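# Got a sequence here, can you model it:
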Amino acid sequence: MKLMNVFMVAVGVMCANIVNSQEGLPIYTDYLTDNYYLIHPSMAGAANCAKVRLTARQQWFGHEDAPQLLTLSMNGRIGDSQSAIGGILYTDKNGYHSQTGAYATYAHHLMFSRSETDLNMLSFGLSAGFIQYKLDETSFLFDGPDPIIDGFVQNETNFNIDLGFSYHFLDFYAHATIKNVLENSGINKDVNITSNLRRYLLSVGNVFSKYGSEWSYEPSVMFQYRDETKEASIDVNAKVYKQVEFGKIWGGLSYRNSFDGAEYTQSGSVNTQRLQQITPILGVNYNEFMFAYNYTYQNNSVVFANGGFHQLTLGYNFNCKRERYDCNCPAVN
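Reported below is the predicted structural model:
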């Protein structure tokens, strides 16, 4: 019975991952590696440099068909204007499910300060893109006809949009985004699950530093809510930066906690566990280049595997202008 209980929880986890695999670009903690544009379209061109970011994520090393994610993004201002553009390419594999997507972004930034010395900026962003979903059922085993299993590779291409805004005031920032605004059919038989993939994101943070100090500290939170399933979770983050001769070194810790749980039976009693993840982050900015690594550990009683999730981020900044604002704002200056 104990083995069966673990199996049932593992099935529940995999089913949840199947739904996630049809939600567009997955939301992990890669946005904390100087990559807020991945989840907030209004951050396109917000910085004084154009940015290219490449991320690779691998879960559960040593397990066949473990989830893998690869993203490539670029964003920057259009000349000296207040407008900006960006683009995201990604591929995400999760067992029999896979998806490939491409987004294009337009953002506009409005300055409210009298000069560029004091940062007071409101930004709007809109991303539009296509996502191709695949479900490979060719290796599924079943005895007799089953209306749920077709036995071939299903394909579906959907169009969707994300929209949001950002506000920066000196060392404070806030972002709000609605992802997957449109409803689509997806490739799952349960249309109620896959038609509404709308997700709401809210990020708030501030950077603290003493005058003239080489050190700065950035606490932040990110809240997300799924419209159809009514699931919610929160990221509590803390980062620290040190200015050095060649650039900047930084590190941090992120804790993700879900407000919703899954029930499982153990030793005759019914228990509930919620998703809990702890992610340490290390990064370095060397002149125009950026490198970061983060490792996510799932802190739950019943998990699919004990191995964690490894992610690498490589970045390059170009077309940089002088640091325009007198603030501790690493995502902008």
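# so where's the stretch 201-333 of the chain shaky on pLDDT?
Across the stretch 201-333 of the chain, the ranges flagged by pLDDT under 70 are 262-268, 270-271, 300-307.
# Could you rerun that using 90?
Scanning the stretch 201-333 of the chain for pLDDT under 90 picks out the ranges 210-213, 227-230, 259-276, 297-309, 321-333.
# State the distance from Ser195 to Asn160.
From Ser195 across to Asn160, the span is 12 Å (CB to CB, to the nearest Å). In short, each C-beta sits where N, CA and C put it, glycine included.
# Quickly list what's touching both of these two.
Jointly contacting Ser195 and Asn160 under the rule CB atoms under 8 Å, 6 or more residues apart in numbering are Asn184.
# partners of Gln132 in the sheet?
Thr100, Thr157 (DSSP bridges).
# which residues does it contact?
Gln132 makes contacts with 99-101, 155-157, as judged by CB under 8 Å, 6+ apart.
# just Lys230 next, same as before
Lys230 neighbours (CB under 8 Å, 6+ apart): Asp260.
# The one 3 residues further on now?
By CB under 8 Å, 6+ apart, Ser233 lies in contact with 223-224, 256-260, 275.
# Please enumerate the strands of the stretch 151-300 of the chain.
Along the stretch 151-300 of the chain, counting by DSSP state E, counting those that start in this stretch, strands occupy 153-169, 172-179, 199-206, 215-226, 232-244, 247-266, 269-286, 289-298.
# What pairs with the last one, parallel or antiparallel?
It stands for strand 289-298. If you go by DSSP bridges, strand 289-298 pairs up with strand 269-286 (antiparallel), strand 309-318 (antiparallel).
# repeat for the fifth one
Sheet pairing for strand 232-244, assigned by DSSP bridges, gives strand 215-226 (antiparallel), strand 247-266 (antiparallel).
# JSON lines for those, including distance to Asn184 and mean neighbour count?
Shown next, in JSON lines, are those (distance: least, CB to CB, whole Å; neighbours: other CB atoms under 10 Å):
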{"stretch": "strand 215-226", "distance to Asn184": "15", "mean neighbour count": "18"}
{"stretch": "strand 247-266", "distance to Asn184": "24", "mean neighbour count": "16"}
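# nearest to Gly76, of those?
For the strands paired with strand 232-244, the distance to Gly76 is smallest for strand 247-266, at 19.3 Å, taking CB to CB.
# Distance from the chain centre to the closest one, please.
Remark: strand 247-266 is offset 13 Å from the chain centroid, using CA atoms, centre = their mean, to the nearest Å.
# Check what pLDDT the residue nearest to Glu183 when sequence neighbours are not counted gets.
In this structure, Glu183 finds its nearest non-sequential neighbour in Ser195, 4.8 Å apart by CB to CB, 6 or more residues apart in numbering. pLDDT for Ser195: 75.
# Repeat that for Gly24.
Predicted confidence (pLDDT) for Gly24: 77.
# part of a helix, is it?
No. Applying DSSP: H, G, I helix; E, B strand; the rest coil, one finds Gly24 to be coil, outside a helix.
# correct me, but Tyr295 touches Gly308?
Yes. Assessed by CB atoms under 8 Å, Tyr295 is found in contact with Gly308 at 5.3 Å.
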